[in-house]
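Engineer: let me see the structure of the following:
(one chain, ligands or ions: 2)
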Amino acid sequence: MSSDGHTGPIFRGRRRGVLLALSSPSGAGKTTLSKRLISQNPDVILSVSATTRDPRPGEVDGQDYHFMSVDAFKAKAAEGEFFEWAEVFGRYYGTPKTPVMDAVEEGRDVVFDIDWQGARAIAEQAPEDTVRVFILPPSLALLEERLRKRGQDTPEIIKGRMDRAKDEISHWHEYDYIIVNDDFARALEKLSLILHAERLKRTRHPWLDDFVDAIMDEE
Ligand SMILES: Nc1ncnc2c1ncn2[C@@H]1O[C@H](COP(=O)(O)OP(=O)(O)OP(=O)(O)O)[C@@H](O)[C@H]1O
Ligand SMILES: Nc1nc2c(ncn2[C@@H]2O[C@H](COP(=O)(O)O)[C@@H](O)[C@H]2O)c(=O)[nH]1
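Structural biologist: Ligands and ions are numbered 1, 2, ... in the order given. Alright, predicted model coming up:
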């Protein structure tokens with residue numbers, strides 16, 4: 001019986017998880033945004049990628065990345081352990097497959113901090129589940145300033161990443177949503193709104209078929 005005293009088909013099933021793929025030129029803020037989104041929504045999982053790049057100061061193996069050798073990465077790729085993988089800035093990066101597939105089926109949302117190649121690959125493999133969000137910096141000058149102020153990369157690495165920034169941005173039209181990360185709090189609020197609205201999308205609620213059938217069968 002429902003709270004208003006009526007009997008009838010009031011039931012809910014498990015929804016499918018949202019695969020939220022965030023891309024941006026390096027330094028626009030997607031790592032900071034995704035970590036804050038997860039701290040506000042502890043039920044959301046961050047996809048921890050494998051990479052062959054060296055850890056930055058403070059980065060923890062298994063938490064920020066699974067750091068590994070090129071040989072170990074190639075072996076995992078050959079065994080089909082990655083949902084997608086790509087070469088970015090001359091290093092390999094890949095998304096472990098199992099945690100993603102398990103999460104979607106369990107109705108858990110997954111955030112990916114991933115380049116345009118990875119976001120495209122995920123959207124191709126799971127078109128109904130994937131939402132792509134591109135984070136733009138307010139300007140290239142501010143992007144470079146953020147990379148410098150982050151204080152974790154050499155001037156050569158920063159130059160390499162700035163050289164690739166326009167190439168990454170050129171894929172912006174492949175994304176469902178664009179957020180300009182100027183004011184951080186506003187950008188985070190927009191990202192949170194996207195996640196919460198996408199959770200409500202019809203196709204994430206397969207239980208609705210039975211629910212509507214039951215309503216239709218009511219006298
Ligand atoms: N809105 C903002 N205003 C000012 N600084 C910001 C803003 N958003 C993020 N930052 C800062 O910019 C720097 C780069 O952010 P972050 O590391 O999240 O970028 P990223 O897009 O994940 O980069 P990468 O692709 O290299 O991992 C960090 O020091 C972060 O604190
Ligand atoms: N295609 C993939 N791209 C990834 C993955 N993990 C991270 N990335 C992207 O690489 C660059 C550089 O990252 P950084 O941590 O070295 O600054 C950035 O654009 C990431 O989004 C992945 O699994 N697949």
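Engineer: and the contacts of the helix or strand bottoming out on mean pLDDT in the chain?
Structural biologist: Ranking every helix and strand in the chain by mean pLDDT, DSSP states H and E puts helix 97-105 at the bottom, with a mean of 87. With contacts defined as CB atoms under 8 Å, 6 or more residues apart in numbering, helix 97-105 is touched by 16-17, 19, 45, 47-48, 80-83, 109-110, 126, 129. C-beta coordinates here come from the backbone N, C-alpha and C atoms, glycine included.
Engineer: at 7 Å what do you get?
Structural biologist: 16-17, 19, 45, 47, 81-83, 110, 129 (CB atoms under 7 Å, 6 or more residues apart in numbering).
Engineer: which among these are in contact with ligand 2?
Structural biologist: With CB under 6 Å from any ligand atom as the criterion, the subset of these in contact with ligand 2 is empty.
Engineer: hmm, which of these are the buried ones?
Structural biologist: Those of the contacts of helix 97-105 that meet the buried threshold are 16-17, 19, 45, 47, 81-83, 110, 129, by 16 or more other CB atoms under 10 Å.
Engineer: greatest separation within those: which pair is it?
Structural biologist: Spanning the widest gap among the buried ones among the contacts of helix 97-105 are 16 and 81, at 22.7 Å by CB to CB.
Engineer: ok, residue 20 - how many residues close by?
Structural biologist: 25 (other CB atoms under 10 Å).
Engineer: downstream of whichever helix or strand residue 168 is part of, the next helix or strand is which one?
Structural biologist: Using DSSP states H and E, residue 168 falls within helix 155-169. The first helix or strand that comes after helix 155-169 along the chain, using DSSP H and E, is strand 177-180.
Engineer: about what we covered before: for ligand 1, state which of the buried ones among the contacts of helix 97-105 is nearest.
Structural biologist: residue 47 (13.5 Å; CB to the nearest ligand atom).
Engineer: now the closest one: closest residue in space, sequence neighbours ignored.
Structural biologist: residue 112 (4.7 Å; CB to CB, 6 or more residues apart in numbering).
Engineer: counting by contacts, list what the helix or strand encompassing the one you found packs against.
Structural biologist: Here residue 112, judged by DSSP H and E, is contained in strand 110-113. Secondary-structure packing of strand 110-113 (3 or more CB pairs under 7 Å, 6 or more residues apart in numbering; DSSP states H and E): strand 19-23, helix 30-40.
Engineer: which parts of the last one are buried?
Structural biologist: It stands for helix 30-40. Applying 16+ other CB under 10 Å to helix 30-40 flags 30-34, 36-37 as buried.
Engineer: in TSV: those, plus pLDDT.
Structural biologist: Shown next, in TSV, are these (pLDDT from 0 to 100):
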residue	pLDDT
30	96
31	95
32	97
33	98
34	96
36	97
37	98
